[in-house]
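**Q** Build me a model:
(one chain, ligands or ions: 3)
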Amino acid sequence: MGILEKISEIEKEIARTQKNKATEYHLGLLKAKLAKYRAQLLEPSKSASSKGEGFDVMKSGDARVALIGFPSVGKSTFLSLMTSTASEAASYEFTTLTCIPGVIEYKGANIQLLDLPGIIEGAAQGKGRGRQVIAVARTADVVIMMLDATKGEVQRSLLEKELESVGIRLNKHKPNIYFKPKKGGGISFNSTVTLTQCSEKLVQLILHEYKIFNAEVLFREDCSPDEFIDVIVGNRVYMPCLYVYNKIDQISMEEVDRLARKPNSVVISCGMKLNLDYLLEMLWEYLALTCIYTKKRGQRPDFTDAIILRKGASVEHVARPAEACRQPGPDLLLMASRTFLVSSMAFGPTRKWEYQKSLQPCTRPPVD
Ligand SMILES: Nc1nc2c(ncn2[C@@H]2O[C@H](COP(=O)(O)OP(=O)(O)OP(=O)(O)O)[C@@H](O)[C@H]2O)c(=O)[nH]1
Ligand SMILES: [K+]
Ligand SMILES: [Mg+2]
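**A** Ligands and ions are numbered 1, 2, ... in the order given. Down below sits the predicted model:
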């Protein structure tokens, strides 16, 4: 019997077994078996053709969010709730075997949400489909690490370790170190701040370890040796991460309170649809997108249709083309997802940077 057949046999047996105290153990065993077979399905196959199968989802929309977590924490339930895509959810582990994309429409932006197979310890070394899952996570703008609120903190630190080990840095910024390998001249070391974790000697030792004997190094920040190594190695991904504790319907109020106070954390229940709006707000903040709503003179802006700018881009990127063709630009209304909305303003060749002056914080969309 092939694995798929075995799986379907077990699924049938689970379906016909009545759920009660007497069958509890038997059902548990069946689910464990089911999870085992499904995990086998996830084992990386030797044939090259199946490499990354189902994982090559086209990037679409304005931003991408990846759902990372242990099996059965509720990732698929979440995707089905937040998007119009249905992703199979069930009480056994490894229900999801590929990458399933959905779209969240929020404030005029399309956010691609990716449901992924559960990952486990050793994922980075290729256990299960861990490697593919992590490869997808690297392409995201924000990672949602979904956790089961009824399980301990160990899941969180295990996952963090897995992601760390493949160069993903969560909620950290790129170390402010200037580093430039040279052809000759030895190592020139400087710092603009007092260093408490690194010294010139240590920096040299580390560089020699990487067989670098000529380079310019300037610490602009009190970085650790690990952070310096990240800069030398390069290829690191610095990514915002939201820790989402699901299934809070199963834990005490005190515990909910404790989890909710952790940094970068949100507590939710997909089962009872609790706190999902707040999670969306947080996600929006972490994505740090900027929306620009255009409007015609004398008319109200259409808040359902926005030009979305990524972090770091500015309204000038949109305004410039109009300026270049020497036509009056559109009237723009700028709204940053972070903290402020600004009043409407006009662009044109003669008043090109006027919007910079009119930036002012307010809490709701301005009315003409
Ligand atoms: N009590 C409770 N159960 C939940 C909640 N959210 C999801 N579940 C249940 O948890 C189980 C697993 O849900 P899935 O959505 O399949 O979990 P997953 O993380 O996608 O699992 P894999 O695809 O196997 O990695 C299902 O039986 C869900 O009904 C919740 O908020 N509360
Ligand atoms: K599941
Ligand atoms: Mg799933």
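**Q** going forward, measure contacts and count neighbours with C-alpha atoms only.
**A** OK.
**Q** looking at this, Met58 is in a helix?
**A** No - assessed with DSSP: H, G, I helix; E, B strand; the rest coil, Met58 is coil; it does not lie in a helix.
**Q** Near it, how many other residues are there?
**A** Applying other CA atoms under 10 Å, we find 8 residues neighbouring Met58.
**Q** That one and Ile111, how far apart?
**A** 13 Å (CA to CA, to the nearest Å).
**Q** now do Gly185
**A** 49 Å.
**Q** for Lys59, same thing?
**A** Distance from Lys59 to Ile111, by CA to CA: 10 Å.
**Q** just Cys291 next, same as before
**A** From Cys291 to Ile111 the distance is 13 Å (CA to CA).
**Q** ok, now Ser72?
**A** Taking CA to CA, one finds Ser72 at 23 Å from Ile111.
**Q** With Leu27 instead?
**A** Distance from Leu27 to Ile111, by CA to CA: 38 Å.
**Q** Which single residue in the stretch 101-250 of the chain comes nearest to ligand 2?
**A** Gly118 (8.1 Å; CA to the ion).
**Q** Now name the helix or strand holding that residue.
**A** Counting by DSSP states H and E, no helix or strand carries Gly118.
**Q** wait, doesn't it sit right on Ala89?
**A** No - at 11.8 Å, Gly118 does not count as touching Ala89 under the criterion of CA atoms under 8 Å.
**Q** and Tyr238, how many residues sit next to it?
**A** Tyr238: 18 neighbours (other CA under 10 Å).
**Q** Ok, the one 5 residues further on next?
**A** Tyr243 sits with 21 neighbouring residues when counted by other CA under 10 Å.
**Q** and it, what are its bridge partners?
**A** Met145, Ser265 (DSSP bridges).
**Q** Report the contact partners of it.
**A** Neighbour list for Tyr243: Ile144, Met145, Met146, Leu147, Asn264, Ser265, Val266 [criterion: CA atoms under 8 Å, 6 or more residues apart in numbering].
**Q** same check, this time on Ile104
**A** Ile104 neighbours (CA under 8 Å, 6+ apart): Met82, Thr83, Asn110, Ile111, Gln112, Leu113.
**Q** Give me the spatial nearest neighbour of Ile206, chain neighbours excluded.
**A** Nearest residue to Ile206, sequence neighbours excluded (CA to CA, 6 or more residues apart in numbering): Ile229, at 7.5 Å.
**Q** Against Phe179, how distant is that neighbour?
**A** 11 Å.
**Q** same deal with Arg64?
**A** 30 Å.
**Q** Looking at these two, which is more packed in?
**A** Taking neighbours as other CA under 10 Å, Arg64 and Phe179 compare with Arg64 leading, 21 against 15.
**Q** and the helix or strand in which Lys31 is found, does that touch ligand 3?
**A** Assessed by DSSP H and E, Lys31 sits inside helix 24-42. No - figure legend: helix 24-42 not in contact with ligand 3 (CA under 5 Å from the ion); closest approach 11.9 Å.
**Q** Do you know the pLDDT at Leu332?
**A** Predicted confidence (pLDDT) for Leu332: 49.
**Q** again with Val166
**A** At Val166, pLDDT is 82.
**Q** these two touch, right, it and Ala124?
**A** Yes - under the criterion of CA under 8 Å, Val166 makes contact with Ala124 at 6.7 Å.
**Q** The two - which one has more neighbours?
**A** Ala124 (23 against 17).
**Q** how far away is the more buried one from Ser165?
**A** With CA to CA as the criterion, Ala124 and Ser165 are 7 Å apart.
**Q** remind me which residues of the stretch 51-200 of the chain are low pLDDT?
**A** Filtered on pLDDT under 70, the stretch 51-200 of the chain yields the residue ranges 51-54.
**Q** So what's the residue count around Lys211?
**A** Lys211: 9 surrounding residues under other CA under 10 Å.
**Q** And for Glu221?
**A** By other CA under 10 Å, the residues close to Glu221 number 14.
**Q** in the stretch 201-350 of the chain, what spans have low per-residue confidence?
**A** 293-302, 305, 311-350.
**Q** got the residues of it near ligand 1?
**A** Residues of the stretch 201-350 of the chain lying near ligand 1 by CA under 6 Å from any ligand atom: Asn246, Lys247, Asp249, Gln250, Ser269, Cys270, Gly271.
**Q** From those, list the buried ones, please.
**A** When those are checked for burial by 16 or more other CA atoms under 10 Å, the buried set is Asn246, Lys247, Asp249, Ser269, Cys270.
**Q** And Leu27 and Ile111? Which one has more around it.
**A** Higher neighbour count among Leu27 and Ile111: Ile111, with 22 against 19, using other CA under 10 Å.
**Q** Thank you, goodbye.
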